[in-house]
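Engineer: No sequence on hand, only this structure:
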């Protein structure tokens, strides 16, 4: 295969109900938009300006409703400028191996009212792709250079799922990152070594939030968690640092459970939980120590002895 920079635009036309061949928009067939008959798709093999040329063609010919937009950039720069997608509406946007050097929150154009799923795969981010959409329900990054999620990242009130997978060793969630997401149900973080949560970074406004599911080790600042509801869950490998009440009290008092996938060093900083009504919510936290061969629960009699004076006095009101 000849190696060359290319841009692939895949547009799978969305049908009305009931679906039939006559419901699809007609594929254009010219130098910048290649029509594939079998899947009714459009492919662009990029020279500079091919994306703009193809979108302009669709706009001028009133071909405005499609299922998927697939951009394959071969590690070239991509500028997500204001109204980039014009008045063309897509349900899904997939960006493959792009260097995101500019991002305007309104790059979706008319798609801000129709897009359901956005996926960035193998992309390098010089700026976070801030998104303004009234319809988006799923946001995914896979094998990208994403290092942090800013507090103003999402203007997407209907967003239900965020999935961050691989590509970076350390990820930071900044203050206010999750608060605007009033319908968020899942935050999934896989293939990342450590995640750091700033104060109010996981301050939730969604009454339907279910799970923070992560294969990363975690550090967190005071007040990182709030708004977790009864039955919701935090899953991590382990927590690095003291399990102080100013980090975990709001999470546990809301009724959330905590699971550690790896062995957790359980010291007197966790004693306030052990002697409180929150202990059942920590049933799947496994402690390890040099004195015992196998992990043991926080409730075990083998837990290190902690004099009452070592307990956080503010927490004694929660003790049995």
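Structural biologist: Sure thing, it's come through. These figures come from a predicted structure and were not determined experimentally. Numbering: from 1, shown residues only.

Engineer: Surely residue 59 is in a helix?
Structural biologist: Yes. Applying DSSP: H, G, I helix; E, B strand; the rest coil, one finds residue 59 inside a helix.

Engineer: Please renumber the chain so that the first residue is 44 from this point on.
Structural biologist: In the new count, where the first residue is 44, that last one comes out as residue 102.

Engineer: and it, what does it touch?
Structural biologist: Going by C-beta atoms under 8 Å, 6 or more residues apart in numbering, residue 102 touches 129-131. All C-beta atoms are positioned from the backbone trio N, CA, C, and that covers glycine.

Engineer: any low-confidence regions in the stretch 244-363 of the chain?
Structural biologist: 336, 345, 350-363 (pLDDT under 70).

Engineer: make it 50
Structural biologist: Within the stretch 244-363 of the chain, the segments meeting pLDDT under 50 span 361-363.

Engineer: one step back: could I get the contacts of residue 102 as JSON lines with pLDDT?
Structural biologist: Output for these, formatted as JSON lines (pLDDT from 0 to 100):
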{"residue": "129", "pLDDT": "92"}
{"residue": "130", "pLDDT": "92"}
{"residue": "131", "pLDDT": "87"}
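
Engineer: Please list the members of those that lie in helices.
Structural biologist: In this view, the contacts of residue 102 have no member that belongs to helices under DSSP state H.

Engineer: which one among the residues you listed gets closest to residue 144?
Structural biologist: residue 129 (20.5 Å; C-beta to C-beta).

Engineer: And stretch 206-217, end to end?
Structural biologist: Criterion C-alpha to C-alpha, to the nearest Å; first-to-last residue distance in stretch 206-217 is 16 Å.

Engineer: Which parts of that stretch count as buried, going by neighbours?
Structural biologist: Neighbour-count burial for stretch 206-217, with 16 or more other C-beta atoms under 10 Å as criterion, is recorded at 206-208, 210-211, 214-217.

Engineer: what's the farthest-apart pair in those?
Structural biologist: Checking the buried residues of stretch 206-217 against each other with C-beta to C-beta, the farthest-apart pair comes out as 208 and 217, at 19.8 Å.

Engineer: ok so, going back, is it possible to mark the buried ones in the contacts of residue 102?
Structural biologist: Looks like the contacts of residue 102 have 129, 131 buried, using 16+ other C-beta under 10 Å.

Engineer: TSV for the contacts of residue 102, including distance to residue 310?
Structural biologist: Formatted as TSV, the contacts of residue 102 follow (distance: C-beta to C-beta, whole Å):
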residue	distance to residue 310
129	58
130	60
131	57
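
Engineer: Show me which of the contacts of residue 102 is closest to residue 109.
Structural biologist: Nearest to residue 109 among the contacts of residue 102, with distances taken as C-beta to C-beta, is residue 131, at 6.9 Å.

Engineer: where exactly do the helices run in the stretch 194-343 of the chain?
Structural biologist: Across the stretch 194-343 of the chain, reading from the start of the chain, the helices by DSSP state H, counting those that start in this stretch fall at 288-296, 314-317.

Engineer: nearest to residue 325, of those?
Structural biologist: Between residue 325 and the helices of the stretch 194-343 of the chain, the shortest separation by C-beta to C-beta is 5.8 Å, and it involves helix 314-317.

Engineer: what's that closest one packed up against?
Structural biologist: Applying 3 or more C-beta pairs under 8 Å, 6 or more residues apart in numbering; DSSP states H and E, we find helix 314-317 packed against helix 288-296.

Engineer: can you list contacts of the helix it packs on?
Structural biologist: Contacting residues not belonging to helix 288-296 are listed as 263-271, 277, 301, 315-316, 321, 324-325, 355, 357-358 [C-beta under 8 Å, 6+ apart].

Engineer: Now which of those would you call buried?
Structural biologist: For the contacts of helix 288-296, buried by 16+ other C-beta under 10 Å: 263, 266-271, 277, 301, 315-316, 321, 324-325, 355, 358.

Engineer: Residue 196 is in contact with residue 170, isn't it?
Structural biologist: No. Residue 196 is beyond contact range of residue 170, at 10.7 Å (criterion: C-beta atoms under 8 Å).

Engineer: Compare the two (neighbour count), which wins?
Structural biologist: With neighbours defined as other C-beta atoms under 10 Å, residue 196 and residue 170 compare such that residue 196 has more, 22 against 12.

Engineer: in the stretch 44-193 of the chain, which segments are predicted with low confidence?
Structural biologist: 44-69, 71-75, 79-83.
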